[in-house]
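Engineer: with the sequence up front, the predicted model follows.
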Amino acid sequence: MTMSLTEIRIRRGELMERARAERVAVRALLDGQSNVLWLADRGVAMIKVLLARKGLLLIAALAFAVVQPRRALRWVVQAWGLFRIVRKISRTFA
């Protein structure tokens, strides 16, 4: 089952060509999705900024609760329900 040096070189060339073709295909796929990826990156960056400034986030939440208390209360109820579901699922699979 040992391969000769020539066979190894041929196989290496085939694998390198296959890898190049796959890189081209992935690049073409990602070029079409660049706007979506950019938007996702910006979203993650914004979340990191907000989490780094928890006081600012708290002030914004309080201002929202003062301006639109009914909507804020509905969101709190929905968030609490979602939290309970996630907690139940995590306990089930833990």
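Structural biologist: Structure's in. What do you need?

Engineer: give me the most central residue, this protein.
Structural biologist: By Cα atoms, centre = their mean, the chain has its centre lying nearest to Ala40, at 6.9 Å.

Engineer: now that residue: how far from Asp31?
Structural biologist: From Ala40 across to Asp31, the span is 16 Å (Cβ to Cβ, to the nearest Å). Glycine gets a C-beta too; all of them are placed from N, C-alpha and C.

Engineer: what does Thr2 give?
Structural biologist: 43 Å.

Engineer: then Arg23?
Structural biologist: 12 Å.

Engineer: what comes up buried for stretch 67-74?
Structural biologist: Ala72 (16 or more other Cβ atoms under 10 Å).

Engineer: for that stretch, the averaged confidence score.
Structural biologist: Mean pLDDT, stretch 67-74: 93.

Engineer: and if you look at stretch 7-27?
Structural biologist: Here the average pLDDT along stretch 7-27 is 95.

Engineer: start at 13, not 1
Structural biologist: With the count now opening at 13, the last piece we talked about shows up as stretch 19-39.

Engineer: go ahead and name everything in contact with it.
Structural biologist: Contact with stretch 19-39 is made by Met15, as judged by Cβ atoms under 8 Å, 6 or more residues apart in numbering.

Engineer: in that stretch, what counts as buried?
Structural biologist: Result for stretch 19-39 [16+ other Cβ under 10 Å]: no buried residues.

Engineer: how far does it sit from the chain's center?
Structural biologist: 29 Å (Cα atoms, centre = their mean, to the nearest Å).
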